[in-house]
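Colleague: Here is the input, now give the coordinates:
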Amino acid sequence: MKKLLLSLVVLAAMNACTTKETKNAEANSTAQDKESGTFTSLDEKSAKVKELLEAYAKNDTMVGHNLYVDTVQVLDLHANNQEGPNDATKVNPGGRSGHLLGDTFVHTLNTSITVTTGPNAIKTFVFADGRVITGYWGTLVGIGRYTKARNIVPLHLLIYWEGDKIVKMYRMWDSAPLKAEIAASQKK
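Modeller: Alright, predicted model coming up:
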């Protein structure tokens, strides 16, 4: 009986020591990992991104004008927009005005534009090092003005904030439907 009791005490002590070390290791890992942090979809920035996307669908640039800094950097992660095979993505020219003008171009190619903004589409990440980035995973849908096709464009955004302003945005999207509309618009 004594051996059983002694074994249980030793086992409990080992477990307590291991648990404490694990907690310390996790705390040290979090302190060193600048990519750790929290995320939510119920914050003010997620709500602003939802408002921005819904205004975009209506071809309303006022929300974007109010959220983007003049020098916003927009980087499109699609074919032929990188400096080289292992280099960074090119920053689109024009800052806020160039970005908003480019966004309105999609409306010249499509009608009835909608964007998905469901419960899992928008999340804001607050990183351990203080960065705040809102992510969007959804689709843009429009009816082509020239092809009459239903254009479904997967769209992924990473929106970088400084205070209450958007300073940078990475966009990843399928440009094929828009290229098809451009090609159809050139036919006589």
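Colleague: OK, contacts around residue 56?
Modeller: Neighbour list for residue 56: 63, 64, 103, 113, 115 [criterion: C-beta atoms under 8 Å, 6 or more residues apart in numbering]. All C-beta atoms are positioned from the backbone trio N, CA, C, and that covers glycine.
Colleague: ok, which stretches of the chain are helices?
Modeller: For the chain, applying DSSP state H gives helices covering 2-32, 44-57, 62-67, 95-109, 176-186.
Colleague: And those, which one averages the lowest pLDDT?
Modeller: Of all those, helix 2-32 carries the lowest average pLDDT, namely a mean of 54.
Colleague: Report how many residues lie close to the closest residue to residue 110 other than its chain neighbours.
Modeller: Of all residues not flanking residue 110 in the chain, residue 142 sits nearest, at 3.0 Å (C-beta to C-beta, 6 or more residues apart in numbering). Neighbourhood size, residue 142 [other C-beta atoms under 10 Å]: 23.
Colleague: And residue 186, by the same measure?
Modeller: Number of residues near residue 186 (other C-beta under 10 Å) recorded here: 8.
Colleague: repeat for residue 70
Modeller: Residue crowding around residue 70 was assessed by other C-beta under 10 Å; the count is 9.
Colleague: isn't it right next to residue 94, touching?
Modeller: No. With contact defined as C-beta atoms under 8 Å, residue 70 and residue 94 do not form a contacting pair (10.3 Å).
Colleague: just to revisit the earlier point, return a PyMOL selection command for the buried portion of the contacts of residue 56.
Modeller: Burial among those is assessed by 16 or more other C-beta atoms under 10 Å; the matching PyMOL selection reads:
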select buried, resi 63+64+113+115
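Colleague: Show me which of the contacts of residue 56 is closest to residue 50.
Modeller: Distances from residue 50 to these, taken as C-beta to C-beta, are shortest for residue 115 (9.3 Å).
Colleague: one step back: check the spacing between the residue nearest to residue 110 and residue 65 real quick.
Modeller: 22 Å (C-beta to C-beta, to the nearest Å).
Colleague: do residue 56 as well
Modeller: Distance from residue 56 to residue 65, by C-beta to C-beta: 12 Å.
Colleague: Same check on residue 168?
Modeller: Relative to residue 65, residue 168 is positioned 17 Å away (C-beta to C-beta).
Colleague: Who has more neighbours out of those two?
Modeller: A side-by-side neighbour count of residue 168 and residue 65, using other C-beta under 10 Å, places residue 168 first with 18 against 13.
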